[in-house]
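In: coordinates only, no sequence provided:
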């Protein structure tokens, strides 16, 4: 059986230093709690003797990877890491310290949920946490969660699932329902870190050895956000291909569809020094054809959304909108790489809300107060591509096209024979140079620099 770290061992595993906060004063509570639960005081005393802690959470100021933060760590050995009134006092104090000091909040969670011996008083602590989290969010400060084993109940549904970045330890039990209350025939894999990653509820599963470095890079990216300096747009990436400008519309389509053309992964690797991926739409879906996250270019954070040449799924658009809105809240510029034949249009996509997801992506771009930079690196197929394009700051590569619709589909809609598809491509004026002339693109990116 795997050894479960104590709250302080979990702190020591990721922090260079930690200064514990003094427990905040709270309302007077009877020894056996607000419900006068017989034996509750004895249970607390035994938990203290066993763990050395007075409550199920420890919090204070910490340094992780050289970056200051407010840190919360749960002690599962204290009544299963459960949340009671005194726990709520400490959690609220931690959030308010983060807000007052303008620091990120990191939670190392291991909890079974709300404390039964305090009844509804314990359950209402979730509302306190939600309010404190909302205030921190409104202040433009990031929240990171590390899901230890187990993370269930209200702790998952507030500090965990409510965080901006959610990391999980391998094999951790994660779910709203704990092991003793879920249906007997429930699939156990759905309640694991790996299962939650597959269904888009966790951003990454990170091994214990890699966790300090990963947390440090995330704090470096998100903690550097919104520093007060004028926010400049993300630089336009250099083109990675030396392809020439296409002579015809059909040449543009052929170049964009070439298997030899550089893809999003190559552009991201060339552009960033470090990539910090985010995954999932938080609604049960992921799209492997869309890469999202934050990257460090030198010491500058930039959020990215990159299509990989496939038809983008509804989960992809929802993930993109989530990342763009997070970047906007934290004051981080956004880079989008457009490369899709169009939005997925199969029955599964329609059932998953393709229209609403695309609309939300359009809205996220339109609402963004931070600058958004777009480079079309391949196919720009219809609204499925335009949904992730910056209206006034879009560039194109020489081996790309952008069109109201693919020329084959345009010919079909217009009831033209297949032998006029190439002529239709010319009529659509979808070449890079056409897009600049029409004012759709600001310039054509070439190896080294964009050219107008």
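Out: It's in. These numbers were taken from a predicted model, which means no experiment stands behind them. Residues are numbered from 1 along each chain as shown.
In: pLDDT score assigned to the residue nearest the centre of the chain?
Out: Centroid-nearest residue in the chain: residue 278, 4.0 Å away (criterion: C-alpha atoms, centre = their mean). Looking at residue 278, its pLDDT reads 97.
In: relative to residue 321, how far out is it?
Out: When C-beta to C-beta, to the nearest Å is the yardstick, residue 278 and residue 321 sit 12 Å from each other. C-beta: built from backbone N, CA, C; applies to glycine.
In: centre of the chain versus stretch 310-328, how much separation?
Out: Distance of stretch 310-328 from its chain centroid, counting by C-alpha atoms, centre = their mean, to the nearest Å, is 9 Å.
In: got it, and stretch 269-287?
Out: 7 Å.
In: identify each buried residue in that stretch, please.
Out: Neighbour counts over stretch 269-287 (16 or more other C-beta atoms under 10 Å) mark 271-272, 275-276, 278-283, 285-287 as buried.
In: do stretch 248-259 as well
Out: Quick answer for stretch 248-259 (16+ other C-beta under 10 Å): 249, 250, 251, 252, 253, 255, 256.
In: what about it, average pLDDT?
Out: Mean predicted lDDT for stretch 248-259 stands at 94.
In: now, which of the buried residues of stretch 248-259 sits nearest residue 372?
Out: residue 256 (21.9 Å; C-beta to C-beta).
In: who touches the one helix or strand the closest one maps to?
Out: Per DSSP states H and E, residue 256 falls inside helix 249-257. Helix 249-257 is contacted from outside by 243, 246, 261, 378-380, 398-401, 406-407, 421-422, 424-432, 434, using C-beta atoms under 8 Å, 6 or more residues apart in numbering.
In: at 7 Å what do you get?
Out: With contacts defined as C-beta atoms under 7 Å, 6 or more residues apart in numbering, helix 249-257 is touched by 243, 246, 261, 378-379, 399-401, 407, 422, 425-426, 428, 430-432.
In: stretch 413-425 too?
Out: Against stretch 413-425 from outside (C-beta under 7 Å, 6+ apart): 249, 250, 253, 407, 408, 410, 411.
In: could you rerun that using 10 Å?
Out: Residues from elsewhere that reach stretch 413-425, judged by C-beta atoms under 10 Å, 6 or more residues apart in numbering: 246, 248-254, 401, 403, 405-412, 427, 430-431.
In: give me the nearest residue to residue 432, chain neighbours excluded.
Out: Leaving aside its sequence neighbours, residue 432 sits nearest to residue 396 (C-beta to C-beta, 6 or more residues apart in numbering; 4.5 Å).
In: can you report how many residues lie near that neighbour?
Out: Neighbour count for residue 396, taken as other C-beta atoms under 10 Å: 31.
In: would you give the sheet partners of the host helix or strand of it, along with the direction of each?
Out: Using DSSP H and E, residue 396 sits in strand 394-397. Using DSSP bridges, strand 394-397 pairs in its sheet with strand 372-381 (parallel), strand 443-446 (parallel).
In: what's the closest of the ones you listed to residue 66?
Out: Using C-beta to C-beta, the nearest of the strands paired with strand 394-397 to residue 66 is strand 372-381, at 28.6 Å.
In: next structured bit after that closest one?
Out: Downstream of strand 372-381, the next assigned helix or strand under DSSP H and E is helix 382-386.
In: hang on, residue 345 packs against residue 384?
Out: Yes - Residue 345 is within contact range of residue 384, at 8.5 Å (criterion: C-beta atoms under 10 Å).
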